[in-house]
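Chemist: Sequence and predicted structure below; questions after.
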Amino acid sequence: MLTMLMQILDLIFPKTKRERTVERLARNKLTLRLIPSQRSTTAGIKVTTLTEYDSPRVRELVHSLKFHNSRAAAHVLARVLHDYLAESMANESTFGECRTLILPVPISRARRRERGFNQIERMLTQLVKIDKSFKNLVRTDVLMRTRHTTPQTKLGKAQRLNNLRGAFSVAGASEVRVAHAVVVDDIVTTGATLAEIKTTLEASGCKQVTLLAIARA
């Protein structure tokens, strides 16, 4: 019955080529090649990226998650995130013994009203479904966006840095004090957003901040 209903809905609301491609990748249990790479950004911070944005598959997945709220894309991307985190967290020299918090880059209330969701939160929801041991580590109530800002893609390097000053806050410094915060984003360009978040967390007493992104554009 459910299958028939889905077929009827597909006739009424035909899926785009991108949606069909992403769902096929998810059904086939695609595993993206994990290619961790830590490089400095123009904002002066080090960000670890997990895949190559040059890959058409990665671009399809990121776009489908960010603009179409694709659960299938969120799941595929969460798998590559899980592979990296599971391996890294087993390495004491990387993560140490302090409490770990996995934090999504937050979006403003205006952006959430416009889009209806935070794509990084969607991906972390899938991460927990893949591995329940991450349930108490993922926190969406710690790092907050305090104001709406002009989209970074419309600004130059200097403007990007100024645009984000004071745009983030920590809800309760006790949550991050002496903790290791792992901040997750989808795409990093100049790194201005992650740089401001790192500054905000460190000012709140965070002991260590690791910056992750699925890929670098």
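Modeler: Great, that's in hand.

Chemist: Please give the element, helix or strand, for the most centrally placed residue in the chain.
Modeler: Nearest to the geometric centre of the chain sits residue 185, at 3.1 Å (CA atoms, centre = their mean). Assessed by DSSP states H and E, residue 185 sits inside strand 180-188.

Chemist: any idea how far that strand is from the chain center?
Modeler: 6 Å (CA atoms, centre = their mean, to the nearest Å).

Chemist: The residue nearest to the centre of the chain pairs with what?
Modeler: Here residue 185 sits in beta bridges with residue 213, as judged by DSSP bridges.

Chemist: wouldn't it be in contact with residue 120 here?
Modeler: Yes - counting by CB atoms under 8 Å, residue 185 sits close enough to residue 120 to count as a contact (6.4 Å). Backbone N, C-alpha and C define where each C-beta goes, glycine included.

Chemist: what is in contact with the two at once?
Modeler: In terms of CB atoms under 8 Å, 6 or more residues apart in numbering, residue 185 and residue 120 are both contacted by the residues 104-105.

Chemist: Give the buried residues for the longest helix seen in the chain.
Modeler: Secondary structure of the chain read by DSSP state H shows that its longest helix is helix 71-89. For helix 71-89, the neighbour count (16 or more other CB atoms under 10 Å) marks 71-85, 88-89 as buried.

Chemist: and that helix, C-alpha only, in CSV?
Modeler: Taking Å, rounded to 0.1, in the frame of the first residue of the first chain, the C-alpha atoms of helix 71-89 are listed here in CSV:
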residue,chain,number,x,y,z
ARG,A,71,17.2,12.6,4.0
ALA,A,72,19.0,10.2,1.6
ALA,A,73,21.8,12.8,1.1
ALA,A,74,22.0,13.4,4.8
HIS,A,75,22.5,9.7,5.4
VAL,A,76,25.2,9.2,2.9
LEU,A,77,27.1,12.3,4.1
ALA,A,78,26.6,11.2,7.7
ARG,A,79,28.3,7.9,6.9
VAL,A,80,31.5,9.5,5.8
LEU,A,81,31.4,11.8,8.9
HIS,A,82,30.9,8.7,11.1
ASP,A,83,33.9,6.9,9.5
TYR,A,84,36.1,9.9,10.3
LEU,A,85,34.8,10.5,13.8
ALA,A,86,34.8,6.8,14.8
GLU,A,87,38.5,6.5,13.8
SER,A,88,39.6,9.8,15.3
MET,A,89,37.8,9.4,18.6
